[in-house]
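**Q** Below are the sequence and a predicted model; questions follow.
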Amino acid sequence: MDRYQLGFKYVLGLLFVVLTSLAHAGESDVTWSQLSEDQQKVLSPLAAEWDSLRPWQREKMLDIARDYPKMNPQKQERVKNRLSNWSRMTPYERENARKKHQRFKDLPEDQKQALRDKWRKYQSLPEAERAKLRAESPDTYGEPASE
């Protein structure tokens, strides 16, 4: 291949990257009213704040809405619950949740598994015992649920 062909392929590749980036950037500029009915249904807990979300947050939510129909019913329910819980959080609580999630992702696999096991054990306890643990150790078990 001569230099002209290599340069042409390089320019085409670069153009593809730029156009793909622009296409994704356009997706993140979508207002709530521009979302499809299916997207609005999945993302309904975020309706009130959609237009104030950052572009990267919108993109992430659009990815969730795109994948939602392919999910099994249990995963769909989990997504609905998480979006609903997220929508009720303050910005401070959201930032703390992001930090905790990142710390968890950075743990070695054996420590992650130990935490998962501890969580399963906690969830298998009767509600009264869980409430007692939350009251005694809110940093470990979270604040008591206010429902």
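**A** It's in. Not measured: the values here are computed from a predicted model.

**Q** buried stuff in whichever helix or strand residue 62 is part of?
**A** Assigned by DSSP states H and E, residue 62 belongs to helix 55-67. Of the residues in helix 55-67, 58-59, 61-62, 64-65 count as buried by neighbour count, 16 or more other CB atoms under 10 Å. For every residue, glycine as well, the C-beta is placed using N, CA and C.

**Q** Secondary structure class of residue 30, three-state.
**A** coil (DSSP: H, G, I helix; E, B strand; the rest coil).

**Q** Now do the same contact list for it.
**A** Going by CB atoms under 8 Å, 6 or more residues apart in numbering, residue 30 touches 58, 62.

**Q** what's the spacing between it and residue 51?
**A** 10 Å (CB to CB, to the nearest Å).

**Q** what about the following helix or strand past the helix holding residue 62, average pLDDT?
**A** Note on helix 55-67: by DSSP H and E, the next helix or strand toward the C-terminus is helix 73-88. Helix 73-88 shows a mean pLDDT of 93.

**Q** buried ones in the helix or strand just after helix 73-88?
**A** Next along the chain after helix 73-88, taking DSSP H and E as the criterion, comes helix 91-106. Across helix 91-106, burial judged by 16+ other CB under 10 Å covers no residue at all.

**Q** tell me the angle of helix 91-106 relative to helix 55-67?
**A** Orientation check (axes from the mean of the first three to the mean of the last three CA atoms, to 10 degrees): helix 91-106 against helix 55-67 gives 70 degrees.

**Q** Between helix 73-88 and helix 91-106, find me the angle.
**A** Using the same axes, to 10 degrees: helix 91-106 against helix 73-88 is 140 degrees.

**Q** mind checking how far helix 91-106 is from the chain centre?
**A** Distance of helix 91-106 from its chain centroid, counting by CA atoms, centre = their mean, to the nearest Å, is 11 Å.

**Q** contacts for that helix?
**A** Counting by CB under 8 Å, 6+ apart, 86, 89, 112, 115 sit against helix 91-106.
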